[in-house]
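Enquirer: when you get a sec, could you give me coordinates for this:
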Amino acid sequence: MKLSVAPLRAPISLKDQVFRSLREAVAAMDIYSGEEPPRLDERKLAESLGVSRTPVREAISRLEQAGLVKHVPRRGTFVVRKTKKEILEIIYAWASLESMAARLATTRASDREIAGLREMLGPLAGADGEAPIDEYSRTNISFHQAIVSLAHSDLLTDLADSLFIHMRAIRSRAIHDDDRAQRSVIDHARIIRAIEERQTETAETLVREHALRLAEHVERNVSYLD
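Expert: Numbers count the residues shown, from 1 in each chain. Okay, here's the model as predicted:
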């Protein structure tokens, strides 16, 4: 598993840039593929980013404090993989946060902001109801992030960010199972309609049930977390 990062361009807030770059790179990885979790090579990362090893070392330390990576003596630093039990707890917490975000979105988001949700989904549902799976997998993640942002709550956003990396990894894998992509498109369309029509209770319920169906799928069908 190779961690893909791009060189940094601006010298402002270098430490924060390195941290954000590494965090985004970890978030974009398929954390749960392969026999071992992805390993972070400090030297190669510094070369890829075009910086010295000091800010990379500091960024890795921050990632470890955030529970995203773990240093194993004499082996190196690896991205943390969660157990099935831990993933289920993350999904339950996300269900609570995102459903509240949907509730707040019905009262706080502008019509223009809400229209962005429909624009996001629109091109992916063809006339036959099929969704291009790879493209939809990426848009699926953005859709759920967008709902959180529509709440206009810094606290909800911060809390959701702490769960996002593992939610992204699980959603990206689960969306390829069975007919989950097509069912997800239908769920998303219903969620958008509820938010558009400012149906507070309905939007909250639909988003929560959508997340809990993911938990049910993980509980019943996912073996690579055991």
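Enquirer: sec struct for Met29, please.
Expert: Three-state call for Met29 (DSSP: H, G, I helix; E, B strand; the rest coil): coil.
Enquirer: residues touching it, list them.
Expert: Residues in contact with Met29 (C-beta atoms under 8 Å, 6 or more residues apart in numbering) are 1, 3, 38, 79, 169. Placement of C-beta: from N, CA and C, glycine included.
Enquirer: all strands for this protein, in order.
Expert: Using DSSP state E, the strands found in the chain span residues 39-40, 69-72, 76-79.
Enquirer: returning to what we had before: of the contacts of Met29, closest to Ile87?
Expert: Ala169 (8.9 Å; C-beta to C-beta).
Enquirer: list the residues that contact the residue lying closest to the closest one once chain neighbours are set aside.
Expert: Spatial nearest neighbour of Ala169, excluding adjacent residues (C-beta to C-beta, 6 or more residues apart in numbering): Ile31 at 4.4 Å. Applying C-beta under 8 Å, 6+ apart to Ile31 gives the contacts 37-38, 79, 81, 165-166, 169.
Enquirer: repeat for Ala28
Expert: Each residue near Ala28 by C-beta under 8 Å, 6+ apart is listed here: Ser4.
Enquirer: now do Ala6
Expert: 21, 48-49.
Enquirer: what's the closest of those residues to Thr202?
Expert: For these, the nearest to Thr202 is Ser21 (39.1 Å; C-beta to C-beta).
Enquirer: tell me who's in contact with Gln199.
Expert: So Gln199 contacts Thr106 (C-beta under 8 Å, 6+ apart).
Enquirer: typed the wrong thing, it's Leu156
Expert: 97, 100-101, 104, 148.
Enquirer: tell me which two of those sit farthest apart.
Expert: Leu97 and Leu104 (10.7 Å).
Enquirer: just want to know which of these two has more residues nearby.
Expert: Between Leu97 and Leu104, Leu97 has the larger neighbour count (other C-beta atoms under 10 Å), namely 23 against 20.
Enquirer: tell me which stretches of the chain form helices.
Expert: With DSSP state H, the ranges of helices along the chain come out as 14-27, 42-49, 53-65, 84-108, 111-121, 133-150, 154-174, 180-196, 200-221.
Enquirer: nearest to His71, out of those helices?
Expert: helix 53-65 (6.3 Å).
Enquirer: need the contact partners of that closest one.
Expert: Contact partners of helix 53-65, identified using C-beta under 8 Å, 6+ apart, comprise 14-15, 18-19, 21-23, 26, 40, 42-43, 45-46, 49, 69-71, 77.
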